[in-house]
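Enquirer: got a predicted model here, sequence first, then my questions.
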Amino acid sequence: GEWPRALAWAPLPALKYLSLESIAMGDAGVCAFAAAVAAGAMPGLTDLGMQRTGCGDAGLAALAGALAAGAPKLEELDLSSNEVGDAEGLRALARAPLPALKRLLLCDIKLGDAGVCALADEIACPALEELFLNSVDAGDGGLEALGRALGRGALSELRLLGYCGNQASSQGKRAITAAR
C-alpha cells in the first residue's frame, strides 16, 4: 500500500539495515519500494531483509534494477520464502550489477534447477562470498550450473554455498568440488 510510496518522499541516506520481513507487500508493494530505492531514498543501505514479503517475479525484476541504481553499498540481500519462480526474475537479479553484494539468501523458494541455472549462468556479483540456496527444489542440474559459474570465475570470492534440503547426488556435489 501506501507506506512503500512514502519512502520516496522521506529519504533515509544514513539507513544501513532495513528488514521488511513478513510484511505482505506483494509485487505491487515491492515495485513501489523499488521505485523509492531507485530514486535514491536509501543510498547507504547495506543490508536488506525481504523474507516472506510476497515478492514474485515482477517484484524481483523491479527490485533488482532498483538496487543496482540506488543501493550501491548493498552487501546482504535476503529474499527467502517468497513467490519467485520464473527464471526471468532470477536473471534480472543475476544481471544486476551489485558490486558490494557479499551475501545472498534465496532459501525456501521454488526455484528448481531452471531457476538455479538462470542465476548461475548470468550472476554478476564479483564480491559474493556467501550464497544460500537451501530448499529450493533443485538438484544436480543446479549444482552443475553453479560448478560452471565457479569454473569461469563468476563466483571467484565464494566461500560458502548453502544447498541443503535439495535433491543433490554425489555427481552434482562433484561438479562443485571439481570447479574449485
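Expert: Received the coordinates, thanks.
Enquirer: so after the worst-scoring helix or strand of the chain on mean pLDDT, what's the next helix or strand?
Expert: In the chain, no helix or strand scores lower on mean pLDDT, DSSP states H and E than helix 2-6, which sits at a mean of 55. Once the chain leaves helix 2-6, the next helix or strand it forms, by DSSP states H and E, is strand 17-19.
Enquirer: doesn't Leu90 make contact with Gly56?
Expert: No: with contacts counted by CB atoms under 8 Å, Gly56 stays clear of Leu90, the gap being 11.7 Å. C-beta: built from backbone N, CA, C; applies to glycine.
Enquirer: tell me which of these two has more neighbours.
Expert: For Gly56 versus Leu90, the count of surrounding residues by other CB atoms under 10 Å is larger for Leu90: 29 against 17.
Enquirer: okay, and the more buried one sits in which element?
Expert: Assigned by DSSP H and E, Leu90 falls within helix 87-95.
Enquirer: now for the residue nearest the centre of the chain: which residues touch it?
Expert: Residue closest to the average C-alpha location in the chain (CA atoms, centre = their mean): Leu104, at 5.3 Å. Going by CB atoms under 8 Å, 6 or more residues apart in numbering, Leu104 touches Glu76, Leu77, Cys125, Leu128, Glu130, Leu131, Phe132.
Enquirer: recalculate using a threshold of 10 Å.
Expert: Neighbouring residues of Leu104 by CB atoms under 10 Å, 6 or more residues apart in numbering: 75-79, 93-94, 98, 119, 123, 125, 128-133.
Enquirer: so where's this protein uncertain?
Expert: Applying pLDDT under 70 to the chain picks out residues 1-9, 180.
Enquirer: all the helices of it, residue numbers only.
Expert: In the chain, the segments counted as helices under DSSP state H are 2-6, 26-38, 57-70, 87-95, 112-122, 140-151, 170-179.
Enquirer: out of those helices, the one nearest Leu15 is which?
Expert: Closest approach to Leu15 among the helices of the chain (CB to CB): helix 26-38, 10.6 Å.
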